[in-house]
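# show me how the following folds:
(2 chains)
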Protein chains: 2
Amino acid sequence: MRQRLLEATVELLVERGWSGTSTTLVSKRAGVSRGAQLHHFPTKDALVLAAVEHLSEVRGQELAEAATRLPTGPRRTRAVLEMLAEHFTSQVFTAALELWVAARTDPNLNAAVGPLEQRIGREIHRRTVELLGADEGQPGVRELVQATLDLARGLGLANTISDDAARRGRILDQWARVLDDRLTPQTPPQEATR
Amino acid sequence: MRQRLLEATVELLVERGWSGTSTTLVSKRAGVSRGAQLHHFPTKDALVLAAVEHLSEVRGQELAEAATRLPTGPRRTRAVLEMLAEHFTSQVFTAALELWVAARTDPNLNAAVGPLEQRIGREIHRRTVELLGADEGQPGVRELVQATLDLARGLGLANTISDDAARRGRILDQWARVLDDRLTPQTPPQEATR
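Take a look at the predicted model:
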């Protein structure tokens, strides 16, 4: 029942945005009584925070699973970027965007979103470092991984206004080349297989 | 009077977000009668679109003026990035973000925001190419300029949740190196003064 409520919340955030999402609509969509819903989540803020966290965990598992199918060799970096781009144009990004923007002008919500966002951010950063085989001990590498995630976030935001897949693909082609150059500077080209 | 209304609209979008901004509040903040306001802007959508466009024009003029004070030589690229980062963490970005997110779930608003966003996007792209002295005839250069703007947009979004200036500064240091490497590939280092 908890899961149904969380999934209905994300659907409504994506379809109607923060202001169009009410606890009444969520309980109706989930087919859960108001009483049961209030028992699990007493406020809209609690419901939305839990929904974004839940979806992030689900997406994290999906990413981990997809990661096992990534190619090795010269096509790997581009494939990792594709995976990140899919993440930042997915429903979880859209739902999180609605939450972030609402939190910007709501101090109580902001106090809860900050730590959640940090936790999610650290997790995706760790995962990206691992997938790219990046060595953060090298100067500048940490910042390039961060830039990659901020770029993906910016591309995700652009995509909310109009479908942007072709432009995004060309940008990521170039970015993959930059990362391949910069993340494996000591490796001769023929061995740069990660 | 028109300008007072537009500036009050931006202030309210930044302070209270889309849903906290009403035409009544705007006319009160601007000290303009409801009748006069409705004469200029019959709907909230019209008012907010005009306000974001107005602010973009003002910011464009400010950027053009600031551009004349940019250093030449090896520090130029980093200075251009700083200017872009200031733009994407300014009130105009915040007001535009509120508008974009509202437009995502409002088809009428989206139809108007799309063209405005394209116009603003083209203008800032053109300006960035010029400031970086980038040659878009070279393969990959156009995509790197686009990536720069998407990165700046992603950094702007991150900054709405918590002040992010130190992290942003380190990322832009690295990004400037990437651009200096890639945008002037034919120029030997000692001549790479743009």
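
# the longest helix along chain A packs against which elements?
When chain A is parsed with DSSP state H, its longest helix is helix A:107-132. Helix A:107-132 sits against helix A:44-67, helix A:76-88, helix A:91-104, helix A:141-161, helix B:141-161, with contacts defined as 3 or more Cβ pairs under 8 Å, 6 or more residues apart in numbering or on different chains; DSSP states H and E. C-betas here are computed from N, CA, C, even on glycine.

# what angle separates it from helix A:141-161?
Computed by axes from the mean of the first three to the mean of the last three Cα atoms, to 10 degrees, the angle separating helix A:107-132 from helix A:141-161 equals 120 degrees.

# where's stretch A:104-124 relative to the chain centroid, distance-wise?
From the chain centre to the centre of stretch A:104-124 is a distance of 13 Å (Cα atoms, centre = their mean, to the nearest Å).

# same check, this time on stretch A:146-165
Put simply, stretch A:146-165 sits 11 Å off its chain's centre (Cα atoms, centre = their mean).

# any chance of the helices and strands packed on helix A:107-132 in JSON lines with mean neighbour count and distance to B:G169 as columns?
What follows is the helices and strands packed on helix A:107-132, written out as JSON lines (neighbours: other Cβ atoms under 10 Å in any protein chain shown; distance: least, Cβ to Cβ, whole Å):
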{"stretch": "helix A:44-67", "mean neighbour count": "17", "distance to B:G169": "27"}
{"stretch": "helix A:76-88", "mean neighbour count": "21", "distance to B:G169": "23"}
{"stretch": "helix A:91-104", "mean neighbour count": "23", "distance to B:G169": "22"}
{"stretch": "helix A:141-161", "mean neighbour count": "23", "distance to B:G169": "10"}
{"stretch": "helix B:141-161", "mean neighbour count": "23", "distance to B:G169": "10"}
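
# so which of the ones you listed is nearest A:E117?
helix B:141-161 (5.5 Å; Cβ to Cβ).

# on that earlier part again, what mean pLDDT does the longest helix of chain A have?
The average pLDDT within helix A:107-132 is 90.

# in chain A, what residue is nearest chain B?
At 3.2 Å from chain B, A:G154 is the closest residue in chain A, using Cβ to the nearest Cβ.

# restricting to C-alpha, output stretch A:55-68 in CSV.
Extracted in CSV, the C-alpha atoms of stretch A:55-68 (Å, rounded to 0.1, in the frame of the first residue of the first chain):
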residue,chain,number,x,y,z
LEU,A,55,11.9,6.5,-6.8
SER,A,56,15.6,7.4,-6.5
GLU,A,57,16.2,4.0,-4.8
VAL,A,58,14.3,2.2,-7.5
ARG,A,59,16.2,4.1,-10.2
GLY,A,60,19.5,3.4,-8.4
GLN,A,61,18.8,-0.4,-8.6
GLU,A,62,17.8,-0.1,-12.2
LEU,A,63,21.0,1.8,-13.0
ALA,A,64,23.1,-0.8,-11.1
GLU,A,65,21.4,-3.5,-13.2
ALA,A,66,21.9,-1.6,-16.5
ALA,A,67,25.5,-1.0,-15.6
THR,A,68,26.2,-4.7,-15.8
